[in-house]
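In: how would this look folded up:
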Amino acid sequence: MPWTVDEQLALTATEAVSAIQSGRLRATDYVATLLARAAALSMLNALTALNTEGALEAARHIDELSSDEKRRLPLAGLPVVVKDNINTAGLQTSAGTPALEHFIPRTHAPSVQKLLDAGAILLGKSNMHELAFGITSTNMSTHAGPVRNPYNPEMIPGGSSGGTAVAVAARIVPAGLGTDTGGSTRIPAALTGIAGFRPSVGNGGDERRYHDTNAVVPISRTRDTVGPMARTVADIALLDGVVTGDGPLPSVSLRALRIGLPAPCWAGLDHALETVARAALDRLKAAGVTFVDIDIPDLFLLSDQIGFAVALHEPIDDLPAWLIANDAPVKTVAEVAARIASPDVRAAYEAILSDAFGPQYDAAMSTSRPQIQHLYATTFATHALDALLFPTTLLPAVPIDALNGSSQVSINGGEPVDEMAAFLRNTDPASVAGIPGLSLPAGLTQAGLPVGIELDGPTGSDRRLLAIGVAFEQVLGPLPPPML
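Out: This next block holds a predicted model:
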């Protein structure tokens with residue numbers, strides 16, 4: 001029997017690949033369904049470009065393969081979207097900013113190429129916070145526009161990988177790639193009810209899991225990484241295995257796990273979000289997981305000493321390096337900054353151009369960063385922990401600020417606090433330390449907004465962390481889809 005539209009839209013990445021490999025679903029039919037879905041949901045601003053003809057041609061090629069040939073492709077016929085700051089040959093890479101609006105790279109980023117070589121199909125480029133410098137995805141560029149949360153289109157989806165998150169959550173695609181500097185895969189995953197992964201970066205050498213140097217419009221060589229996003233952790237593990245060449249996930253027993261609950265990350269939470277997160281905790285406890293209450297002194301202090309000192313200094317060298325290596329139409333930070341459309345990003349680039357954080361950079365890299373890495377390593381070892389668990393964000397999605405000007409939020413009716421700092425608080429420490437982090441859905445608030453919980457693990461523990469995430473999602477289950 002032919003597949004209905006609803007049946008196709010409900011497929012996870014793993015299920016879609018299985019159906020196409022077995023011949024039960026034609027890749028051309030699936031791609032056509034998702035292209036129609038993208039057109040019908042264009043008001044969400046999830047995508048900046050559709051690869052209509054290219055995707056259909058790739059799907060036709062998959063359908064012409066023999067059964068054995070399809071089975072040898074681990075992502076046979078899987079449509080994906082790629083964040084608009086990741087290089088894609090033949091399709092724009094604008095980073096959501098006017099200076100690069102029409103730029104088309106010559107080659108794919110290595111992570112993208114590995115997905116395509118495994119049979120994935122590039123459906124389009126996903127919208128984002130301009131130049132990846134924000135956590136709302138409220139992009140004011142005329143070719144991009146604000147990304148809207150499918151659970152409530154008046155709310156932010158999180159950022160900066162908001163377009164990939166929305167495309168996945170809204171069933172435009174089952175999976176895609178984002179990037180993460182301080183939380184940019186995990187924050188939008190949490191706010192849109194999907195899973196988002198930041199792989200290990202370590203010190204940026206052999207510990208770096210994904211190797212996309214000069215293939216992503218950068219903020220920071222120290223902190224940036226590509227990361228997969230999908231509706232299930234199992235699907236993220238599928239994409240991660242293709243990018244890295246790793247084999248099956250290790251086996252995990254819930255009753256053998258020791259998971260730390262870091263007190264600083266559980267403080268100051270929105271009440272509605274905390275109710276959902278603690279209910280998820282109770283379900284995991286009932287399933288046999290051992291949780292250990294721990295303190296991590298100075299975690300946020302060390303993170304704050306590193307975060308902006310790195311993110312607002314390294315673009316001075318890293319952005320021109322990408323512009324020159326990729327023969328972009330502009331070659332300097334000043335040329336890009338002169339055409340920035342979003343007020344918050346413009347302000348950030350004023351600090352970059354003046355090198356306001358330059359005096360703090362050396363101390364951040366030579367002193368504070370080794371200290372936070374040592375703090376994490378000691379915490380995992382001292383308490384014999386497999387991972388840390390905490391709410392990904394302090395609060396659920398907040399309303400879109402159409403003028404991108406308020407930049408403050410109130411938690412539980414308290415004094416307004418900086419919006420970006422609030423959403424980054426729990427995700428940024430793992431980023432500056434270079435350890436892997438995974439956000440997965442915990443549930444919905446009474447207002448119907450998604451809540452995410454994050455698992456952080458030691459550097460290099462990526463596949464075990466994903467295995468823990470798979471085990472957790474089998475207990476917690478998926479969220480109901482948005483009503484669109």
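In: ok, the residue positioned nearest the centre of the chain to S18 distance?
Out: With distances taken as CA atoms, centre = their mean, T185 lies nearest the centre of the chain, 1.5 Å away. T185 sits 25 Å away from S18, going by CB to CB, to the nearest Å. Where you see a C-beta, it was placed from the backbone N, CA and C, and this is true even at glycine.
In: next one: T225
Out: The gap separating T225 from S18 is 28 Å, by CB to CB.
In: on that earlier part again, residues touching the residue nearest to the centre of the chain, list them.
Out: Residues in contact with T185 (CB atoms under 8 Å, 6 or more residues apart in numbering) are 161, 164, 178-179, 196-198, 227-229, 439.
In: how near is it to P370?
Out: Noted for T185: a distance of 25 Å to P370, by CB to CB.
In: Skip the chain neighbours and tell me the closest residue to A58.
Out: Excluding its sequence neighbours, the residue lying closest to A58 (CB to CB, 6 or more residues apart in numbering) is I121, at 4.5 Å.
In: ditto for L47
Out: Closest residue to L47 apart from its sequence neighbours, by CB to CB, 6+ apart: G124 at 4.7 Å.
In: ok, now Y349?
Out: Going by CB to CB, 6+ apart, Y349 has A337 as its nearest residue, at 4.1 Å.
In: what stretches of this protein score poorly on pLDDT?
Out: 402-406 (pLDDT under 70).
In: For burial, what's the neighbour tally of P250?
Out: 11 (other CB atoms under 10 Å).
In: Surely it and R463 touch.
Out: Yes - with contact defined as CB atoms under 8 Å, P250 counts as touching R463 (6.3 Å).
In: could you pull out the helices for the stretch 351-484 of the chain?
Out: For the stretch 351-484 of the chain, applying DSSP state H, counting those that start in this stretch gives helices covering 358-363, 369-382, 419-424, 428-433, 462-476.
In: For G241, find the nearest of those.
Out: With CB to CB as the criterion, G241 lies closest to helix 462-476 of the helices of the stretch 351-484 of the chain, at 8.0 Å.
In: Mind listing what's buried along the closest one?
Out: Buried residues in helix 462-476, counting neighbours by 16 or more other CB atoms under 10 Å, are found at 462-473, 476.
In: burial measure for D362, as a count.
Out: Neighbourhood size, D362 [other CB under 10 Å]: 11.
In: Quick check: the gap between it and S161.
Out: Noted for D362: a distance of 30 Å to S161, by CB to CB.
In: Backbone dihedrals for D224, please?
Out: With angles defined as degrees, to the nearest 10, D224 sits at phi -70, psi 150.
In: ok, now which ones touch it?
Out: Each residue near D224 by CB under 8 Å, 6+ apart is listed here: 179-181, 216, 218.
In: quick revisit: settle it for me: which of T225 and S18 has more neighbours?
Out: For T225 versus S18, neighbours defined as other CB under 10 Å are more numerous around T225 (27 against 15).
In: Does the more buried one touch R209 like I think?
Out: Yes - counting by CB under 8 Å, T225 touches R209, with 7.3 Å between them.
In: Show me the contacts of D224 that map onto helices.
Out: Secondary structure assignment by DSSP state H places none of these in helices.
In: quick one, strands of this protein?
Out: Taking DSSP state E as the test, the strands found in the chain are 47-50, 79-83, 121-126, 175-180, 195-198, 225-230, 258-262, 290-294, 387-391, 408-409, 417-418, 437-444, 450-456.
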